[in-house]
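>>> Sharing a model prediction with you, sequence too.
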Amino acid sequence: MIFKILPPRHPIPDTYRSILPIPILRDRYRYVTRYRDLEPCLQHIYETDYDHHDDKAKDDLYTIALLFRLLRQQGYPISCDVFNKFKDDNGKIRESLIADVRGMLSLNEAAHFRVRGEDILDEALSFTITHLESAVSNLSNLVQEQVIHALNQPIHKGLTRLEATRYFFFYEQDDSHNKVLLNFAKLDFNLLQKMHQWELSEITRWEISAIDQLPEYMKPCYQALLDVYNMIDEEMARKKTSYRVHYAKFAVSLMKILVRAYFEEAKWFHQGYVPSIEEYMRVALVTFCYTMLTTTSLMGMGEVVSKEAFDWVSSGPLIVQASSVVCRLMDDIVSRKVIR
């Protein structure tokens, strides 16, 4: 028996129909700025229909579960009682839902937004995982791929861009898909990808020929930086400590990472973004330059420093990591006092 994704058992209300395609793509692609009217639509559904357990969608598990997930994902205090209609006389999830793979997938994604004490969603997660796993070998190829991916990782835990490209294909196979929306999503994705590729090319160039493409104020800094490491390279070769050239190049690679970290801090500043402490420390420990300077400083210490010492410091030992944390935070505390 080959299972197919079933169409809704009842006509989807106009209010729901107008919003479903956008959240499906938006959920995977984060069209936050492009679909600002999404929030009012969700607010309207929450206030007029969904939160009052309206029966417009009746037994359409797919629609109910999808809207539950989107509303809860956006912070609406939606109750899991909306799923009570899918229980049998014994208070268990109806076995008849097993054949509705489309609805089961939607319920599985919704169940991942459960909170403590929501027994029906705990049951729904176990129910959908069990029956989707048992049915996966009997599914058509397209549906099978969706089920395997959903069981491996829920949508909201995936990388947004990867989820977007994966979902474009699935959505395109849906006969009811919105062609204009799909084409716009692909176009926007490609434009953004081009921008990311351009940004990466700008911050990863590291050759002297690129200096003419820099603004005037950056040229001296760039030239001086290359001169320093070229001088180290020549000095190491003259003293026949050629193995140290490798570590000079390692320091240059750290400088590239440093530039990317500076770029990240610049984006935070211009966007007015306040990072979490984890995000901040991940970048700040790089921009503090402690690791790079530790490696570079050993190069001028003559024969006192052996190849093993370079290998050790290049491996990122705990003492260097801990020193970076202490010095970074001390620097931040003092800087804040000075600014005040």
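Nice, I can see it.

>>> which element follows the helix or strand that contains residue 125 toward the C-terminus?
Element membership for residue 125, per DSSP states H and E: helix 119-135. Per DSSP H and E, the first helix or strand lying C-terminal to helix 119-135 is helix 141-152.

>>> Could you find the closest non-adjacent residue to residue 149?
Nearest non-adjacent residue to residue 149, counting by Cβ to Cβ, 6 or more residues apart in numbering: residue 166, 7.0 Å away. Where you see a C-beta, it was placed from the backbone N, CA and C, and this is true even at glycine.

>>> what ranges of the stretch 101-250 of the chain fall below the confidence cut-off?
Low-confidence segments of the stretch 101-250 of the chain (pLDDT under 70): 202-208, 240-250.

>>> how about the helices in it?
Under the criterion DSSP state H, counting those that start in this stretch, helices of the stretch 101-250 of the chain are mapped to 101-111, 119-135, 141-152, 160-173, 179-204, 219-238, 243-271.

>>> Nearest to residue 321, out of these?
The closest of the helices of the stretch 101-250 of the chain to residue 321 is helix 243-271. By Cβ to Cβ, the value is 14.0 Å.

>>> Show me the contact partners of the very next helix or strand once past the closest one.
Per DSSP H and E, helix 243-271 leads on to helix 277-287 as the next helix or strand towards the C-terminus. With Cβ atoms under 8 Å, 6 or more residues apart in numbering as the test, helix 277-287 has contacts from 257-258, 261-262, 264-265, 275, 291, 321, 324-325, 328, 332.

>>> picking that back up, I figured the residue nearest to residue 149 was touching residue 152, is that so?
No - contact criterion Cβ atoms under 8 Å: residue 166 and residue 152 do not qualify, at 11.7 Å.

>>> Please identify which of the two sits among more neighbours.
For residue 166 versus residue 152, neighbours defined as other Cβ atoms under 10 Å are more numerous around residue 166 (17 against 8).

>>> gap between the more buried one and residue 100?
Note on residue 166: its distance to residue 100, by Cβ to Cβ, to the nearest Å, is 22 Å.

>>> Is residue 320 within a helix or a strand, and which one?
Assigned by DSSP H and E, residue 320 belongs to helix 318-339.

>>> tilt between that helix and helix 277-287?
Calculated by axes from the mean of the first three to the mean of the last three Cα atoms, to 10 degrees, helix 318-339 forms an angle of 100 degrees with helix 277-287.

>>> for helix 318-339, packing partners?
Applying 3 or more Cβ pairs under 8 Å, 6 or more residues apart in numbering; DSSP states H and E, we find helix 318-339 packed against helix 277-287, helix 290-298.
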